[in-house]
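In: need a structure here:
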Amino acid sequence: MKAMMLTGIRQMEMKEVPDPVISNQMDVKIRISVVGVCGSDIHYYTRGNIGSQVVRYPFTVGHEGAGVVVETGSGVKRVKPGDSVAIEPAISCHECDQCLAGRPHTCRKLRFLGCPGQAEGCLSEYIVMPEESCFPLTGGLTKDHGSISEPLSIGIYSVKKAGDIRRARIAILGFGPIGMSVLLAAKAQSVKNIYVTDKIDERLVIAGKESMTFTGNPLKKNIAEWIKKEEPLGLDAVFECCGQQEALDQAVDILKPGGKLIVVGIPETDRWTLGADSTRRKEISVFFVRREVDCVGPALEMMKEGKINISSMITHRFPFVLTKEAFDLVAGYSNGVMKAMIDF
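Out: Numbering: from 1, shown residues only. This next block holds a predicted model:
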């Protein structure tokens, strides 16, 4: 089969690799149909690592996948050949202390698609996953819905970390696909007042189409002053979705005493700082988000029921052979890209 593999910094080649095979009774072989390009994929493409996770070339990234079942192990009951499925990219052991504590996303033996040292990604024609990672696409859900269910599940999980925010006033700092996923999840909870910031005006146009959303570009206005003028008592929760120190500082500034800071973005540096005086005096609660827990199913259900509409998220499409062009577009934040999809 063909796989698109990283071969160096900003280098990518199509290679012929062996087809994956069914090796146990709960395995499912999937023919990939579509893969979304994620920001973490871009980190590996442009830097070769995310923190301690370092690429050893050649390596296949990609984890926002959907496809069609072509073969199943003898024990599989949930799906059958011909079914379209969304793919949950995390494979947990279900035996370690983290899994037994209800934290499979921080499993001691976690294997995550496209994560160096764990598992090859899904930018390939076929992949084999355990049955529990396969979610049937029914009720009008397309393979695009299946692919987007991965980032959307992170948004849903992030909003859950903030608690009951139905009457809250919130901000989302950074409006890429994860920031948009947080927005869609918050809107599904009927949050009324949402402030969204990003340095790309085209993304703010997308955000502005969502009701009760106020947008601002930090390159053009003082975000903290703007929001504090509109909300003099401060905000209930702020979602940092861009991995930038500047946004973290803004978040602390605009939160009310007792507010919640939910850190979702992946930084390019190895260290963040938080002002001791402001965070202590305000008694800010800080939550870090590590992917998601049990939110893929709810994400699919919310899309199926019409509670979440992803039609504005996908802005660009590329054929499999032009995957590198897609990565270059996303890495350069070019042409107003929100989410680029790879079609097989």
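In: so who does the residue nearest the centre of the chain touch?
Out: Computing the C-alpha centroid of the chain and ranking residues by Cα atoms, centre = their mean puts residue 151 first, at 3.0 Å. Taking Cβ atoms under 8 Å, 6 or more residues apart in numbering as the contact definition, residue 151 lies against 36, 38, 64, 177, 178, 181, 339. The way it works is simple: take the backbone N, C-alpha and C, and place the C-beta from them, glycine included.
In: Please tell me how far it sits from residue 60.
Out: 19 Å (Cβ to Cβ, to the nearest Å).
In: Equivalent analysis for residue 256, please.
Out: 45 Å.
In: okay, those two: which has more neighbours?
Out: A direct count of neighbours by other Cβ atoms under 10 Å for residue 256 and residue 60 places residue 60 higher, at 20 against 16.
In: isn't that one right up against residue 114?
Out: Yes - here residue 60 reaches residue 114: they are 6.7 Å apart, a contact under Cβ atoms under 8 Å.
In: any common contacting residues for these two?
Out: In the contact map built from Cβ under 8 Å, 6+ apart, the residues linked to both residue 60 and residue 114 are 120, 121, 122, 123.
In: Dump these into a markdown table; add secondary structure and neighbour count as well.
Out: As requested, the shared contacts of residue 60 and residue 114 are exported to a markdown table (DSSP: H, G, I helix; E, B strand; the rest coil; neighbours: other Cβ atoms under 10 Å):
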| residue | secondary structure | neighbour count |
| --- | --- | --- |
| 120 | coil | 21 |
| 121 | coil | 28 |
| 122 | coil | 29 |
| 123 | coil | 29 |
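In: Looking at those, which is nearest residue 202?
Out: Checking those against residue 202 by Cβ to Cβ gives residue 123 as the nearest, at 25.7 Å.
In: Show me this structure divided up by domain.
Out: Partitioning the chain according to automatic domain parsing yields domains covering residues 2-136+313-343, 154-288.
In: Of all those domains, which one is nearest residue 302?
Out: If you check each of those against residue 302 by Cβ to Cβ, domain 154-288 wins as the nearest, at 5.8 Å.
In: and the end-to-end length of the closest one?
Out: Across its full length, domain 154-288 reaches 12 Å between end residues, using Cα to Cα, to the nearest Å.
In: Done for today, thanks.
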